[in-house]
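Q: Give me a model of this one.
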Amino acid sequence: MTILQNIEWTFDEKEFFKASAIDDDELVYEARRFTQFAVPLLKPKAVYDELFVEDLGENTVTIGGVTFTSAMLRKNLEGIHRVFPFIVTCGNELEGIDLSGFDFLAVFWLDTIKEMAVKQASAYLEEHVSTISGFKKLASMNPGSGNVDLWPIQQQKQLFSLFPHVTEDIGVTLTRSFLMVPNKSISGIFFPSEVNYMNCKYCTRENCPNRRASFKGEEIGLSRR
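A: You can find the predicted model right below:
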């Protein structure tokens, strides 16, 4: 298992202002005051492991002694031997922070900053895994991403069991409803793939703000809602 602490990331103020729809001079001042305080505190982190696919069932995959249930995951890992389970986070440094000294919009600005940090950390982790593994092209699946039946979010429990000290290692905890804290955290499995698999291709939510690929779910019998 490998732990990556304090992953470097770059705060882009223009991107932040655009994502936050900030164009008022007074808001610019307040947002700048907040980001100058918050950004230096945030330290993205990640943990991953290199494990082997031990067994493929009809709709199951066993990795590192843990059995996952997902027909799509099983399909994607056909013929694959090495995989890389991971958890990456924006960092927990700003969890529970007192925002009373800032504009009320700081709650939303905080989420925007955390989203920017975890996206960069996720890209860094993928490049890092690609480099150390020698696989030029990686795809990933994430429990709870896309349609609920692709890889149910309840499978987070099995994924987290591969990282029993993840809270101590990178500050991520799993709630009883299988959500992660900090909320801007991503878990999943990287695997080598010549096919550009994306969860979005099999997600029927038409107006998802994070959609990165057009819907292709008809291939496996899904229909748009």
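Q: any idea which helix is longest in the chain?
A: Taking DSSP state H as the criterion, the chain has its longest helix at helix 106-133.
Q: name the helices or strands packed onto that helix?
A: If you count contacts as 3 or more CB pairs under 8 Å, 6 or more residues apart in numbering; DSSP states H and E, helix 106-133 packs onto strand 2-4, helix 13-19, helix 25-38, strand 45-48, strand 82-89, strand 138-141, strand 185-192. Where C-beta positions appear, they are placed from N, C-alpha and C, glycine not excepted.
Q: can you pull the buried residues of it?
A: Neighbour-count burial for helix 106-133, counted by 16 or more other CB atoms under 10 Å, picks out 106, 109-110, 112-122, 124-126, 128-130.
Q: Distance of residue 136 relative to residue 186?
A: 22 Å (CB to CB, to the nearest Å).
Q: okay, these two: which has more neighbours?
A: For the pair residue 136 and residue 186, the greater number of neighbours falls to residue 186 (20 against 9), based on other CB atoms under 10 Å.
Q: Skip the chain neighbours and tell me the closest residue to the more buried one.
A: Nearest non-adjacent residue to residue 186, counting by CB to CB, 6 or more residues apart in numbering: residue 88, 5.1 Å away.
Q: Which strand residues bridge the one you found?
A: When bridges are called by DSSP bridges, residue 88 pairs up with residue 46, residue 186.
Q: mind checking how far it is from residue 61?
A: From residue 88 across to residue 61, the span is 21 Å (CB to CB).
Q: give the contact list for the residue nearest the centre of the chain.
A: Centre of the chain computed as the mean C-alpha position; nearest residue by CA atoms, centre = their mean is residue 186, 2.1 Å away. By CB atoms under 8 Å, 6 or more residues apart in numbering, residue 186 lies in contact with 86-89, 118, 122, 142.
Q: Among the residues you listed, show me the least confident.
A: Note: of these, the lowest pLDDT belongs to residue 142, at 94.
Q: Quick check: the farthest pair among the contacts of residue 186?
A: The largest separation in the contacts of residue 186, counting by CB to CB, is between 89 and 142 at 13.4 Å.
Q: what about these two, which has more around it?
A: residue 89 (28 against 18).
Q: how much space between the residue nearest to residue 191 when sequence neighbours are not counted and residue 60?
A: Using CB to CB, 6+ apart and skipping residues adjacent in sequence, the residue nearest residue 191 is residue 83, 4.7 Å away. As judged by CB to CB, residue 83 and residue 60 stand 14 Å apart.
Q: I'd say residue 184 and residue 115 touch.
A: Yes - using CB atoms under 8 Å, residue 184 makes contact with residue 115 at a distance of 5.5 Å.
Q: shared neighbours of these two, which are they?
A: By CB under 8 Å, 6+ apart, residue 184 and residue 115 have these common neighbours: residue 90.
Q: just for this structure, where's the confidence low?
A: Scanning the chain for pLDDT under 70 picks out 146-148, 195-225.
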